[in-house]
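Sharing a model that was predicted from the sequence below.
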Amino acid sequence: MLPIRLTFALFGMFWGTWAVSAFDIQRFLGLSESQLGLLVAATVAGTTVSNVIGGTLAERRGAQRAIVIALAVWGPLVVVVALLPTPGPWMVGFLAVVAAGGLLDVIVNIASAGMLVGRPGRLLQVHASYNGGAVVGAAVAGLALAVDDDLWRLPWALVGGSAVVLAVVVARRPGWVPAVTTGDHVTLRDAASELRRSGLLRLAVVFTFGAAVEGGIGTFGVLYLRDRLDVAVLAGAGAYVAGQGLATITRSVLGRTDQRVAGTRAAKAGLLLAATGLALEAATDIPAVAAIGLAVAAIGVATYWPLLSAVANGASDRPGLAVGGVSAAGYLGFLLGPVVVGAVADGFGLR
């Protein structure tokens, strides 16, 4: 389970640095809110395909080998993009990074869900590694940006380099990650058919909307505090760090209940809490209250992804394909969320 936890942590670090540095990246690229949202949305096609490819790769090659391949692809891409000095190539590289991240994300979701069948609480604890990584990434990014606006590149380079090191370590430890059920080559249509056959289409829709909330928070939560409420970078990063820290605790504490965690019910409660937090952030001009709202929203979104993945895993006799399908739906929402927020921001204001 350690390599899966470490992979989740690295992925969380990446998106934690993005959450804090999105404001600085927006200025580097010279984009409006809607254009920044469209940049994230442009990755939808690649990530949707990579999610299904990840499911196939995990089934046919085994979860451990699939994790090594995904880390070996994603890590160097993150380092290269961190070093690109001009907006055009950077945006192209960003599309590749997020697509490769989608591949990595679905593989570790399949591996963790498969290892913890019928134990959604333990799955929550594993996913807490993502939030813990987001805390570290956001904190490092905040400290770097407090020194210089251009140092948002440094945490990305650290994440990418760490991913390469982890790929080498995992490759040298055969049997560290249990295998996933072997399957044949599948397509996007196969994934959709499996969701329909297993009665998971409604779950995939819920997954999409929940991930849209998470994506909107990740891109515009701290950006709103820094741009609209003139919150200093360390204070904005601190709000995000506090939220992800509480999300880590939430997942860890809920995880101790193990079998008593009701997957869909707890996921719905989490999404309701996220909506409440976002409403609080948008309704106030007081930075401290807005920061609390952001933290509450982060706690809310902490529950739905692992719990709904567990539901999908238990509902299908092809868990790799099922989790890959719902993860693809989730990633679609995660990337479309910033588009919706950005479009509304340009037309009516980010609030």
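That came in fine, so what should we check first? Predicted model, so just to flag it, every value in this text is computed and none were measured. Numbering: from 1, shown residues only.

need the strands for the stretch 101-250 of the chain, in chain order.
Assignment of strands within the stretch 101-250 of the chain using DSSP state E, counting those that start in this stretch yields no ranges at all.

And the helices in it?
Taking DSSP state H, counting those that start in this stretch as the criterion, the stretch 101-250 of the chain carries its helices at 120-147, 153-171, 188-197, 201-227, 233-255.

Report the buried residues of the second one.
In other words, helix 153-171. Buried residues in helix 153-171, counted by 16 or more other CB atoms under 10 Å: 153-156, 158-160, 162-164, 166-167, 170-171. In this view, the C-beta of every residue, glycine as well, is placed from N, C-alpha and C.

Next, the closest residue to residue 36 other than its chain neighbours: phi, psi?
Spatial nearest neighbour of residue 36, chain neighbours left out: residue 26 (5.1 Å); criterion: CB to CB, 6 or more residues apart in numbering. The phi and psi torsions at residue 26 (degrees, to the nearest 10) take the values phi -60, psi -40.

Please apply the same query to the one 4 residues further on.
Reported as degrees, to the nearest 10, the phi and psi values for residue 30 are phi 70, psi 40.

close enough to count as contact, it and residue 87?
Yes. Using CB atoms under 8 Å, residue 30 is in contact with residue 87, at 6.6 Å.

neighbour-wise, which of the two wins?
Shown here are residue 30 and residue 87; by other CB atoms under 10 Å, residue 87 has more neighbours (13 against 8).

hang on, the more buried one packs against residue 28?
Yes. Using CB under 8 Å, residue 87 makes contact with residue 28 at a distance of 6.7 Å.

shared neighbours of these two, which are they?
When contacts are counted by CB atoms under 8 Å, 6 or more residues apart in numbering, residue 87 and residue 28 have no shared neighbour.

Give me the distance between the residue nearest to residue 36 and residue 32.
8 Å (CB to CB, to the nearest Å).

out of those two, which sits in the busier spot?
Neighbour count, other CB under 10 Å: between residue 26 and residue 32, residue 26 has more, with 20 against 12.

Make sure residue 151 is actually in contact with residue 145.
Yes. Using CB under 8 Å, residue 151 is in contact with residue 145, at 6.1 Å.

more crowded one of those two?
residue 145 (25 against 16).

surely that one meets residue 25?
No. Using CB under 8 Å as the test, residue 145 is too far from residue 25 to be in contact (10.7 Å).

intersection of neighbour lists for those two?
With CB under 8 Å, 6+ apart as the test, residue 145 and residue 25 both reach residue 152.

so which helix or strand takes in residue 8?
Assigned by DSSP states H and E, residue 8 belongs to helix 2-29.

Name the residues of that helix that are buried.
3-26, 28-29.

give me phi/psi at residue 173?
According to degrees, to the nearest 10, residue 173 has phi -120, psi 80.

What separation do you get for the residue nearest to it when sequence neighbours are not counted and residue 132?
Closest residue in space to residue 173, ignoring its immediate chain neighbours: residue 3 at 7.7 Å, by CB to CB, 6+ apart. With distances taken as CB to CB, residue 3 is found 15 Å from residue 132.

try residue 275
24 Å.

neighbour count winner among these two?
residue 132 (23 against 15).

Contact partners for the more buried one?
9, 12, 244, 248.

Show me where the stretch 151-300 of the chain dips below the pLDDT cut-off.
Scanning the stretch 151-300 of the chain for pLDDT under 70 picks out the ranges 177-192, 194, 213-240, 243, 246-247, 250-268, 281-282.

hmm, try it at 80
Scanning the stretch 151-300 of the chain for pLDDT under 80 picks out 174-275, 277-300.

Please list all residues in contact with the residue nearest to residue 173.
Counting by CB under 8 Å, 6+ apart, residue 3 touches 64, 67, 166, 169, 170, 173, 176, 177.

between these, which is nearest residue 41?
Relative to residue 41, the closest of those is residue 67; by CB to CB it sits at 27.0 Å.

secondary structure element for the closest one?
Using DSSP H and E, residue 67 falls in helix 63-83.

List the buried residues in that helix.
Buried-residue list, helix 63-83, by 16+ other CB under 10 Å: 63-82.

what about residue 295, distance to residue 278?
For residue 295, the distance to residue 278 (CB to CB) stands at 11 Å.

Fine, thanks again, bye for now.
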